[in-house]
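J.: Everything below, folded, please.
(2 chains)
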Amino acid sequence: MNAKILETENLTVSFDGLKALNQLNFSMDAGELRVVIGPNGAGKTTFLDVITGKVQPTRGRVIFKGRNLRRFKEHQIARLGIGRKFQTPRVYLNLTCWENLEIASNRNKNTFSTLFHSPSSAEKKSIQVLLETIGLASKAYVKAAFLSHGEKQRLEIGMLVAQSPDLLLVDEPVAGLTDEETYNIGELLLALSHSHSILVIEHDMEFVRQIARKVTVLHEGSVLCEGTIEEVQKDPRVIEVYLGQQKE
Amino acid sequence: MKKKTRKLLLIEVGVVAAIAVVLILIMPAILSQFRLNLLGRFLSLAIVALGIDLIWGFTGLLSLGHGIFFGLGGYAIAMYLKLQVPPGELPDFMQLYGITELLWFWQPFYSFPFAVICVVLIPAILAGLLGYLVFRNQIRGVYFSILTQAATIVFFNFFNGQQKLFNGTNGLIDFTTLFGAKVSDAKTQFVFYSLTVVFLVITYAVCRYLTSGRFGRVLIAIRDDESRLRFTGYNPTEFKVLVFAISGAIAGIAGAFYTLQSGSVSPRAMDIAFSIEMVIWVAVGGRATLIGAILGTLIVNYARTFLSEQFAEFWLFFQGALFLLVVTVIPDGLVGWLRNQKIPLLRNSTPIATYPSLETDPQLQHERQNLRN
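T.: Presented below is the predicted three-dimensional model:
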């Protein structure tokens, strides 16, 4: 078996000649928690778009568990075991927390099995456990529209987990959160990393320090350097393109 | 929680059954033949409104082409009725246009079961096909509406132009007998009326079933954020095609009952204005409420009858004003508005607790129990 859960080979995406990703070679092991950082416009979100099938690569390949993802559509990629959390929390506002998780946790997402099979008691139990994990048990029957920003972030992470993917792609999970909420999300991700491979994209260096073991720095669509947070922070190239621009 | 839901469901079943009994047993006694026929027609229009609510209110696809499916259902049953002629003879209009032999696609309509299956299946298949072509390419929002409207024009012109096939503008009229009974007879009409009520109840039940479980929540998720759903592993196209086909079938059934009670079907059923009117009924009653679709249909159509009897020329102005009023003042429609007014029966079965932690706080529970009175 291939121990790499995700690899990209010479991945290039260009929009009207502008290269959002340029010859990107990236790989991560199964079970790894990886943080990708990079200045604005480095191609971080495009990177996730390509993995999840939202954007087709101009050149190169994305390989997930040894499979080339090019032929697959978004929902098929999700079914292969890749879950994605968006930059701004995207939960279904008119549904309750419970219902949001119920949709994500459905094992067989075909039309007819969704129609004729109601959630099993085991599924209900796991939704309940999940609600407690993300700290929303008391708001199970509250419409997501009434949740705070931080709660929505947690709910969306919960939806990812409910989907039980092998690889979680998390795009800026702590944008717009208070320090305490940020810390909680960090702990949540660390707890999840025991059972999932997680790729986090983040700007917040404090947060990166909290969770990161290995950091990849993207710059102008390719990997600038890779290593532990200390190594990365010492790297002169990184300081030049990224950390040097930080206000903190 | 579960017990309460079940109790509410039982109440709902009871209320629906009671209304159905009132409609079938009491209404015929107090309404004149003409008024009863009118009510029957409106109830069949309520069936198509349920279909619109399913596709628009829940799934968020504004179809301006349900007139097609409605019309096709009407034509399917009307073709059977037009073939109730002595053996060897052709329907009257065919003789008029000098056709000597029955066209091939009319042939199977001698069979009643075939016609009934066509009432449901032809609109469903057409809707499914149209839906597949449109949704597969991720055409959404206003483009979908425009496409359905374009399809309506195509069908209107086809049925309007084919005099030899479908009697053109006049449509299929003058039905004589059905199973040996005179179609225009009061007793036959009462059977049609009762069947309309029964099918309205069945359609309502089907729609309730579709929208209450996880399937219904997926539909709402499609309406609210389709691409998010795709990244969760669902294929929204399948769901939309299925719902559009079901919605089309519902419209076909409605068209058949309407045709039986109005005694005619013509290309006017495929007029764009008619399809838009259907949407207005649902908007007035309240989107994504089901019951609102039925109420909206009855209210608007009775208003139309009343106003056009009183002031013949003004109905269209009233209709426009009504639509504007609903959109600007009560965007959730009548039922949505009433729900917001906290009228207990209409409220959602799951209460929205803004501070649910208070509800589970043992201290507070204790205080409530012991400090009350």
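J.: after the host helix or strand of B:Tyr80, next one along is what?
T.: Per DSSP states H and E: B:Tyr80 is located in helix B:66-82. Remark: after helix B:66-82, the chain's next helix or strand is helix B:92-96, criterion DSSP H and E.
J.: Share the number of residues neighbouring residue 148, please.
T.: In the absence of a named chain, this looks at chain A. 12 (other C-beta atoms under 10 Å in any protein chain shown). Every C-beta, even on glycine, is put in place using the N, C-alpha and C of the backbone.
J.: Hmm, no, I was thinking of chain B.
T.: 25.
J.: Tell me where chain A has helices.
T.: A:44-51, A:74-80, A:97-105, A:111-116, A:121-133, A:149-162, A:179-192, A:205-211, A:229-234, A:236-241 (DSSP state H).
J.: Relative to B:Ile246, which of the ones you listed is closest?
T.: With C-beta to C-beta, the closest approach to B:Ile246 among the helices of chain A belongs to helix A:111-116: 10.4 Å.
J.: what does that closest one contact?
T.: Residues outside helix A:111-116 that contact it (C-beta atoms under 8 Å, 6 or more residues apart in numbering or on different chains): A:Asn106, A:Asn108, B:Leu210, B:Gly213, B:Arg214, B:Phe215, B:Val218, B:Tyr234, B:Asn235, B:Glu238, B:Phe239, B:Leu242.
J.: For chain A, what lies in contact range of chain B?
T.: Taking C-beta under 8 Å from any C-beta of the partner chain as the criterion, chain A approaches chain B at residues A:52, A:54, A:73-75, A:78-79, A:83-84, A:86, A:90-96, A:99, A:102-104, A:106, A:109-111, A:114-115, A:118-119, A:138-143, A:146, A:159, A:163.
J.: Show the buried residues in the residues you listed.
T.: By neighbour count, with 16 or more other C-beta atoms under 10 Å in any protein chain shown, the residues of chain A next to chain B hold A:52, A:54, A:74-75, A:78-79, A:83-84, A:86, A:90-96, A:99, A:102-104, A:106, A:109, A:111, A:114-115, A:119, A:138-143, A:159, A:163 as buried.
J.: which sections of the chain are below the confidence cut-off?
T.: In the absence of a named chain, chain A is used. A:1-2, A:242-248 (pLDDT under 70).
J.: that's the other chain; I wanted chain B
T.: B:1-2, B:342-373.
J.: Quickly check: the host helix or strand of B:Tyr204 near chain A or not.
T.: Counting by DSSP H and E, the element that carries B:Tyr204 is helix B:186-212. Yes. If you take C-beta under 8 Å from any C-beta as the test, helix B:186-212 does meet chain A, through B:Leu210.
J.: tell me which residues of that helix are tucked away?
T.: For helix B:186-212, by 16+ other C-beta under 10 Å, it's B:188-190, B:192-197, B:199-201, B:203-204, B:207-208, B:210-211.
J.: and that helix, how far from the chain's centre?
T.: Distance of helix B:186-212 from the chain centroid (C-alpha atoms, centre = their mean, to the nearest Å) equals 11 Å.
J.: Skipping adjacent residues, who's closest to A:Val91 in space?
T.: Leaving out its chain neighbours, the residue that sits closest to A:Val91 by C-beta to C-beta, 6 or more residues apart in numbering or on different chains is A:Ala144, at 4.5 Å.
J.: A:Asn22 too?
T.: Here the residue nearest A:Asn22, using C-beta to C-beta, 6+ apart, is A:Gly221, at 3.7 Å.
J.: One more: B:Tyr193?
T.: In space, and not counting its chain neighbours, B:Tyr193 is closest to B:Gly40: 4.0 Å by C-beta to C-beta, 6+ apart.
J.: which residues touch that neighbour?
T.: B:Gln189, B:Phe192, B:Tyr193, B:Thr196, B:Phe257, B:Gln261.
J.: what's the answer for B:Pro236, then?
T.: A:His75, B:Phe135, B:Ile222, B:Glu226, B:Leu229, B:Arg230.
J.: The same query, at a cut-off of 7 Å, please.
T.: Taking C-beta atoms under 7 Å, 6 or more residues apart in numbering or on different chains as the criterion, B:Pro236 is in contact with B:Ile222, B:Glu226, B:Leu229, B:Arg230.
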